[in-house]
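J.: can't give you the sequence, but here's the structure:
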């Protein structure tokens, strides 16, 4: 079948499942595609548009749910006859424009500044199907300790049948897990704290909720790294904070730049153990300098340590929290980053002075803990399975990282630069500015090469042709072939 109905989006630099869906809907409305017309295969469309097949499949799934497409295994996919489904498509075409335009106007007026930024940058972030291919940045599902998790789950379930369910009434989460986490953080992060200082919840947003709700006020000045994690930056913006960007270099955030700010900040948010997106580790000298500056200027620190478990060189440093004698640091860690999708638990370690306040706040709401997850994670930590898993995957990821860098340097030679420190589950690559970014991105789609632009991480103008390449989901044996396909598509197609 002719692919002309996709001509309008063919040249777009970022093609999502939503844009493919919209193109098909338009073609149906304009009778370019008629009932009974057989659709091209998802593979042919993916090749034509230079996107991953998963993106096309996602669009087809949505179109099928809306009544536009009918799919039969072995027979392919075709445009559905409106008569077969009670004129569902016809009604959608004829009735929705006026209704949806009114509703769209309503919601358009309700959008806040965060919504406008998300929409403005929608084409610059990967869609959900592409994120799912890389397990949302977490380690490969193939490497997860599924057998141990399953065995512990089975044992706990059997015991529950005999003894009944244990009721958890602690607003900070299952207490035995908090005790296990305290030991885990002491062994692996040098953090000495009590279980009472540990707050558990599911997901990043819920874990940070009491911090944002109780302590960050509209008008507060918040320092973030530039470049830095865009989700945190936009979250502070949405709270009405005045977000101040401070540059980073090869040692991490430049503390001396804080003295150049027009007004002193109330907060500093940073990821010192694996800076996003550079992977730089904040040097020990800078950590001491930052703590001294914060104490001198009565500034609180949020230490985001969520991607800190995989280091591939001898460079390391103690957490900022563990070196703070004044109780001015809030520390965040995530088991989600290690064990997704088995586990969603996030950890907040708070100073003792905040315990009563946080308990009062969290007691106001339903405690939506996944208790079975807490039970299993407790035993996984106590039995040493989590730390054993980290050691095992660290060896694998180190080899994957080395293979990826070697293949990129071999293929592109001096036309690629690998930037930053050896930490985390990605490498940062800067490609020759003479290579068109659209060529790079389409080649990555064709090769299913997990590469994401870093432009969202920058406040202001971002450098061209800079990308995060995530290797956590790569198979070691397939790295060379994947990179070769990507290189050949960029340089020789």
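T.: It's in. The structure displayed is predicted, hence computed values, not measured ones.
J.: Is residue 269 in a helix, a strand, or coil?
T.: Look at residue 269: counting by DSSP: H, G, I helix; E, B strand; the rest coil, its state is strand.
J.: Do you have the helices of the stretch 101-250 of the chain handy? List them.
T.: With DSSP state H, counting those that start in this stretch as the definition, the stretch 101-250 of the chain shows helices at residue ranges 113-120, 128-133, 146-163, 175-189, 204-214, 230-238.
J.: correction: the stretch 351-493 of the chain
T.: In the stretch 351-493 of the chain, the segments counted as helices under DSSP H, counting those that start in this stretch are 355-362, 371-382, 385-412, 437-446, 479-491.
J.: Tabulate these (JSON lines), appending distance to residue 187 and mean neighbour count.
T.: Yep, even glycine has a C-beta here, placed from its N, CA and C like the rest. Listed next are these as JSON lines, based on distance: least, Cβ to Cβ, whole Å; neighbours: other Cβ atoms under 10 Å:
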{"stretch": "helix 355-362", "distance to residue 187": "23", "mean neighbour count": "15"}
{"stretch": "helix 371-382", "distance to residue 187": "10", "mean neighbour count": "20"}
{"stretch": "helix 385-412", "distance to residue 187": "7", "mean neighbour count": "17"}
{"stretch": "helix 437-446", "distance to residue 187": "39", "mean neighbour count": "20"}
{"stretch": "helix 479-491", "distance to residue 187": "32", "mean neighbour count": "18"}
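J.: Using CSV, please lay out those helices together with mean pLDDT and distance to residue 244.
T.: Below are the helices of the stretch 351-493 of the chain laid out as CSV (pLDDT from 0 to 100; distance: least, Cβ to Cβ, whole Å):
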stretch, mean pLDDT, distance to residue 244
helix 355-362, 92, 26
helix 371-382, 96, 37
helix 385-412, 96, 33
helix 437-446, 91, 29
helix 479-491, 96, 38
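J.: Which among those helices is found nearest to residue 78?
T.: Among the helices of the stretch 351-493 of the chain, the nearest to residue 78 by Cβ to Cβ is helix 437-446 (25.6 Å).
J.: From the contact counts, what lies against that closest one?
T.: When contacts are defined as 3 or more Cβ pairs under 8 Å, 6 or more residues apart in numbering; DSSP states H and E, helix 437-446 sits against helix 42-49, strand 451-453, helix 479-491.
J.: packing partners for the last one?
T.: Going back to what we said before, that points to helix 479-491. Using 3+ Cβ pairs under 8 Å, 6+ apart: helix 479-491 touches helix 385-412, helix 437-446.
J.: Now distance to residue 259 too, for the helices and strands packed on helix 437-446, in CSV please.
T.: Below are those laid out as CSV (distance: least, Cβ to Cβ, whole Å):
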stretch, distance to residue 259
helix 42-49, 50
strand 451-453, 32
helix 479-491, 43
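J.: and residue 400, which of the ones you listed is closest to it?
T.: Counting by Cβ to Cβ, residue 400 lies closest to helix 479-491 out of those; the figure is 6.3 Å.
J.: and residue 460, how far is that from residue 247?
T.: For residue 460, the distance to residue 247 equals 10 Å [Cβ to Cβ, to the nearest Å].
J.: any residues in contact with both of these two?
T.: residue 226 (Cβ atoms under 8 Å, 6 or more residues apart in numbering).
J.: re the thing from before, among the helices of the stretch 351-493 of the chain, which comes closest to residue 257?
T.: Closest approach to residue 257 among these (Cβ to Cβ): helix 437-446, 29.1 Å.
J.: and the angle for the closest one with helix 42-49?
T.: 170 degrees (axes from the mean of the first three to the mean of the last three Cα atoms, to 10 degrees).
J.: Helix 437-446 vs helix 479-491, what angle?
T.: Per the same axes, to 10 degrees, the angle that helix 437-446 makes with helix 479-491 is 140 degrees.
J.: what's the domain layout of the protein?
T.: Per automatic domain parsing, the domain ranges recorded for the chain read 4-110, 146-387, 389-491.
J.: can I get these in JSON lines with distance to residue 140?
T.: Formatted as JSON lines, the domains of the chain follow (distance: least, Cβ to Cβ, whole Å):
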{"stretch": "domain 4-110", "distance to residue 140": "16"}
{"stretch": "domain 146-387", "distance to residue 140": "11"}
{"stretch": "domain 389-491", "distance to residue 140": "5"}
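J.: need the least confident one among those, by mean pLDDT.
T.: Lowest mean pLDDT of the domains of the chain: domain 4-110, a mean of 74.
J.: one step back: so which of the helices and strands packed on helix 437-446 comes closest to residue 428?
T.: Nearest to residue 428 among the helices and strands packed on helix 437-446 is strand 451-453 (10.6 Å), distances taken as Cβ to Cβ.
J.: Show me what that closest one packs onto, helices and strands only.
T.: Packing contacts for strand 451-453, counted by 3+ Cβ pairs under 8 Å, 6+ apart, involve helix 437-446, strand 466-470.
J.: could I get these as TSV with distance to residue 181?
T.: Shown next, in TSV, are those (distance: least, Cβ to Cβ, whole Å):
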stretch	distance to residue 181
helix 437-446	38
strand 466-470	26
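J.: does the closest residue to residue 295 other than its chain neighbours count as helix, strand or coil?
T.: Nearest residue to residue 295, sequence neighbours excluded (Cβ to Cβ, 6 or more residues apart in numbering): residue 326, at 5.8 Å. Under the three-state scheme (three-state DSSP), residue 326 adopts coil.
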